[in-house]
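# need a structure here:
(one chain, ligands or ions: 1)
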Amino acid sequence: MVGTQMDKKIWLSLAHMGGHEQDFIKEAFDTNWVVPLGPNVNAFEATLSAYLGKDCHAVALSAGTAALHLGLIQLGVGAGDEVICQSFTFAASANPVVYCGGVPVFVDSEEETWNMDPVLLEEAILDRKEKTGKYPKAIVPVHLYGMPAKMDEICAVAEKYGIPVLEDAAEALGAEYKGRKCGTFGEFAALSFNGNKIITTSGGGALICRTEEEAARTKFYATQARENRPYYQHEKIGYNYRMSNICAGIGRGQMEVLDAHVARRREIHALYTKLLAGTPGITVKQSPGADFDSSFWLTCILVEPEKFGMDYEALRRKFEAANIETRPLWKPMHMQPVYADAPFYGNGTSEKIFSQGLCLPSGSSLTDEDIFRVVEVIKF
Ligand SMILES: Cc1ncc(COP(=O)(O)O)c(C=O)c1O
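Here you go, the predicted model:
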């Protein structure tokens, strides 16, 4: 039976508490650390850095968007500089380029991972050099929906032209490429702890730096660029981007369940794959091979209307009627009115998947019964 309005709402991806978050928050209240920074921030950063491994220094910030912004600043992106961004992503991957006065140059995806196409990336770099006389200042690949981008190829192109990589790993904490965690490849990497992500701090993010010095500089920019003087001295423009000690308390509790959350999202993806196998016109997005160990932050499907009998938007409305939240895939940045004038290097991939795709409920708190209910809406 297809779900009715009376069924409980199934959300796309809800915050999922582990159990100890409130203990850390209580500790902050008991010790009166209800301020920005404090022991929870330090401990959260230490746990996150250890989780990602060697040469990872996490700085906890107010958002993933803030992390991208501070990464770009430290890569020297300024007025008029071009930055290559993946077109198929959420706007927060590209907007910080504009905050810096730069210009995003969008590159399309390849079909295997849906992330930045390394061949097009090189074409774009060469064409920008020819047109502007300069190489782009940075490259921002994204591990979209938890699927690792082709980092070997992307980093090889980046290295060939001496352009630094800022990894947008906002959706990919826990994912691995060739046995190495997403967020450990670029000069910098951004993570998000927004309410719908693998783990949450209610809202927050982190910039992953490669050295202590970069981490210290990130903290400096994130706390109004206040110089080390007894009075307030400012020699650079700073930001108010640090994470609060309360939010970091949630993060500490969430780190205890991170592995379990990733495992459950992978299980949910496997369950969808099994239950939807052979459904005409429905393809569940898979990873292209063992090198790409996606966290499957969200399970995505492509809907072919000729074979399925309706398009993705009609299916989305059917879900809505059954009290189930689904979401169209990200609308590519080169199709966004706000970026109508930005240069774009395309191959048709992101436009095609945007015209067919839906994200299915994938939160780690969902039960198998919830997934059965979602599948029923597709099948019956
Ligand atoms: C790909 C991507 N980049 C960046 C962000 C920005 O993160 P935040 O919402 O924490 O600012 C998000 C998520 O919101 C995202 O999905």
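# chain neighbours aside, what residue packs nearest to the closest residue to the ligand within the stretch 201-350 of the chain?
Per Cβ to the nearest ligand atom, residue 205 is where the stretch 201-350 of the chain lies closest to the ligand, at 4.4 Å. C-betas here are computed from N, CA, C, even on glycine. Nearest residue to residue 205, sequence neighbours excluded (Cβ to Cβ, 6 or more residues apart in numbering): residue 64, at 3.5 Å.
# tell me who's in contact with the closest residue to the ligand within the chain.
Across the chain, the shortest distance to the ligand (Cβ to the nearest ligand atom) belongs to residue 64, at 2.6 Å. With contact set as Cβ atoms under 8 Å, 6 or more residues apart in numbering, residue 64 has these partners: 92, 168, 170, 190-194, 204-206.
# any idea how far residue 123 is from residue 129?
Using Cβ to Cβ, to the nearest Å, one obtains 11 Å as the distance from residue 129 to residue 123.
# counting neighbours, what do you get for the residue of the stretch 201-350 of the chain closest to the ligand?
A count of neighbours around residue 205, defined by other Cβ atoms under 10 Å, yields 27.
# wait, it touches residue 67, no?
Yes: applying Cβ atoms under 8 Å, one finds residue 205 in contact with residue 67, separated by 4.3 Å.
# residues shared between the contacts of those two?
Here residue 205 and residue 67 share the contacting residues 61, 190-192, scored by Cβ under 8 Å, 6+ apart.
# just those that are near the ligand?
Among the shared contacts of residue 205 and residue 67, the residues that sit close to the ligand (Cβ under 6 Å from any ligand atom) are residue 192.
# which ones among the shared contacts of residue 205 and residue 67 lie within strands?
When strands are assigned by DSSP state E, the members of the shared contacts of residue 205 and residue 67 inside them are 61, 190-192.
# how about stretch 152-171: buried residues?
By neighbour count, and taking 16 or more other Cβ atoms under 10 Å as the criterion, the buried residues in stretch 152-171 are 153-155, 157-158, 163-171.
# what's the span of it, first residue to last?
End-to-end distance for stretch 152-171: 19 Å, by Cα to Cα, to the nearest Å.
# any idea how far it is from the chain center?
For stretch 152-171, the separation from the chain centroid amounts to 16 Å (computed by Cα atoms, centre = their mean, to the nearest Å).
# stretch 255-270 now?
Offset of stretch 255-270 from its chain centre (Cα atoms, centre = their mean): 16 Å.
# is residue 301 part of a helix or strand, or is it coil?
When classified by DSSP: H, G, I helix; E, B strand; the rest coil, residue 301 comes out as strand.
# tell me who's in contact with it.
Taking Cβ under 8 Å, 6+ apart as the criterion, residue 301 is in contact with 272, 276, 282-285, 357-358, 360, 378.
# can you do 7 Å?
Taking Cβ atoms under 7 Å, 6 or more residues apart in numbering as the definition of contact, the neighbours of residue 301 are 282-285, 357-358, 360.
# kindly report the same for residue 318.
Going by Cβ under 7 Å, 6+ apart, the list of residues near residue 318 reads residue 377.
# ok so, going back, okay but the residue of the stretch 201-350 of the chain closest to the ligand is in contact with residue 190, surely?
Yes: the pair residue 205 and residue 190 qualifies as a contact (Cβ atoms under 7 Å) at a distance of 6.3 Å.
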